[in-house]
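*Asks:* below is the sequence, then the predicted model.
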Amino acid sequence: MKNLKIAISAPVIDNIYSFMVAKSCISEPGVEVVGVFALKLWSLKRIVNEFIRLRSRLLIKIWQKYFSESINEIRNDTTTGFSYENIDQEEANLESLCLKNSIPFEYFKDPNDEKAINFLEDLKPDVI
């Protein structure tokens, strides 16, 4: 039986859900991760789209993500069963995980732009 080819799309390289999906797929027999891509965090298009979507809540979101003192409490929340301390520092984000496992990784401004589509067409995944 042939392996199921999977490509993973992530909103940012340190997204916990995308990281855990990638890590699970890499270790799963019969599954081959053929590529991973993430969106560029600081592109003008992304900032404008986030502002249109969130308006004033964007500032609150940025403050909570980067300046809140409670971020360490969230990062090591025992109720989720996940702790950043359990992650090998060589695999701290999707990019380093892909590098360690020789999986193609790219950044794109938009998942629907021509470069992203060409990247996926070249990989020929069964599932994205």
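*Replies:* Great, that's in hand. Numbering: from 1, shown residues only.
*Asks:* okay, strands next: where are they in the protein?
*Replies:* 4-10, 31-39, 105-108 (DSSP state E).
*Asks:* want to try TSV for those strands, with distance to residue 61, mean pLDDT and mean neighbour count as columns?
*Replies:* Heads up, the C-betas are built off the backbone N, CA and C, glycines and all. Below are the strands of the chain laid out as TSV (distance: least, C-beta to C-beta, whole Å; pLDDT from 0 to 100; neighbours: other C-beta atoms under 10 Å):
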stretch	distance to residue 61	mean pLDDT	mean neighbour count
strand 4-10	18	95	19
strand 31-39	15	94	21
strand 105-108	21	94	17
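*Asks:* how about the ones you listed, which one is nearest residue 128?
*Replies:* Distance to residue 128, taken as C-beta to C-beta, is lowest for strand 4-10 among those, at 4.8 Å.
*Asks:* now that closest one, how far from the chain's geometric center?
*Replies:* 11 Å (C-alpha atoms, centre = their mean, to the nearest Å).
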